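Student: After the sequence you'll find the predicted model.
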Amino acid sequence: RSASMLMNILPSSIVTKVQEDHIPLRAFSLEFKHCSILLCDIVGFTMFSAGQDAAKIVWILNDMFTKFDDECCALGVEKIKT
């Protein structure tokens, strides 16, 4: 069950490494020579979504995340699931 929860928030390669090597997650770290981190926020989303139908919001978010996932795949980058 904990592995399933970890798979929702961490890359599968990290979960596998932690499980196989029996490393406590609080002690796990990796070093990357070249790394970029992109944090995204949808400015005004709460106000925007308050006036919209729930189905429309789900469609908009699904479309946005699908495009983002497609770009990550095309660029060969790993998206951390949060």
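Tutor: Thanks, I have it. Here the structure is a predicted model, which is why all the values come from computation and not from measurement. Numbers count the residues shown, from 1 in each chain.
Student: Report the mean confidence score over stretch 32-40.
Tutor: For stretch 32-40, the mean pLDDT works out to 76.
Student: which residues sit against that stretch?
Tutor: Around stretch 32-40, the neighbours that count as contacts under C-beta atoms under 8 Å, 6 or more residues apart in numbering are F68. C-beta here means a position set from N, CA and C on the backbone, and glycine is covered the same way.
Student: And it, end to end?
Tutor: 21 Å (C-alpha to C-alpha, to the nearest Å).
Student: the bottom helix or strand of the protein by mean pLDDT?
Tutor: Lowest by mean pLDDT, DSSP states H and E among the helices and strands of the chain is helix 2-9, with a mean of 74.
Student: buried set for that helix?
Tutor: Neighbour-count burial for helix 2-9 flags L6 (criterion: 16 or more other C-beta atoms under 10 Å).
Student: which helices and strands sit right next to that helix?
Tutor: Counting contacts by 3 or more C-beta pairs under 8 Å, 6 or more residues apart in numbering; DSSP states H and E, helix 2-9 packs against helix 12-20.
Student: What is the subsequent helix or strand relative to the helix it packs on?
Tutor: helix 45-50 (DSSP states H and E).
Student: Next SSE downstream of that next one?
Tutor: Immediately after helix 45-50, counting by DSSP H and E, sits helix 54-75.
Student: I'd like to know the average pLDDT value across that next one.
Tutor: On average, helix 54-75 scores 92.
Student: in it, what's buried?
Tutor: By neighbour count on 16+ other C-beta under 10 Å, the buried set for helix 54-75 is empty.
Student: CA atoms of that helix as CSV?
Tutor: This file holds the C-alpha atoms of helix 54-75, laid out as CSV (Å, rounded to 0.1, in the frame of the first residue of the first chain):
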residue,chain,number,x,y,z
ALA,A,54,-17.5,21.3,-13.0
ALA,A,55,-17.4,19.2,-16.3
LYS,A,56,-15.9,22.2,-18.1
ILE,A,57,-13.2,22.6,-15.4
VAL,A,58,-12.3,18.9,-15.7
TRP,A,59,-12.1,19.2,-19.5
ILE,A,60,-9.8,22.2,-19.3
LEU,A,61,-7.5,20.7,-16.7
ASN,A,62,-7.4,17.4,-18.6
ASP,A,63,-6.5,19.2,-21.8
MET,A,64,-3.8,21.2,-20.1
PHE,A,65,-2.2,18.3,-18.4
THR,A,66,-2.4,16.1,-21.5
LYS,A,67,-0.5,18.8,-23.5
PHE,A,68,2.0,19.2,-20.7
ASP,A,69,2.5,15.4,-20.6
ASP,A,70,2.9,15.2,-24.4
GLU,A,71,5.6,17.9,-24.3
CYS,A,72,7.5,16.2,-21.4
CYS,A,73,7.4,12.9,-23.4
ALA,A,74,8.6,14.7,-26.6
LEU,A,75,11.5,16.3,-24.8
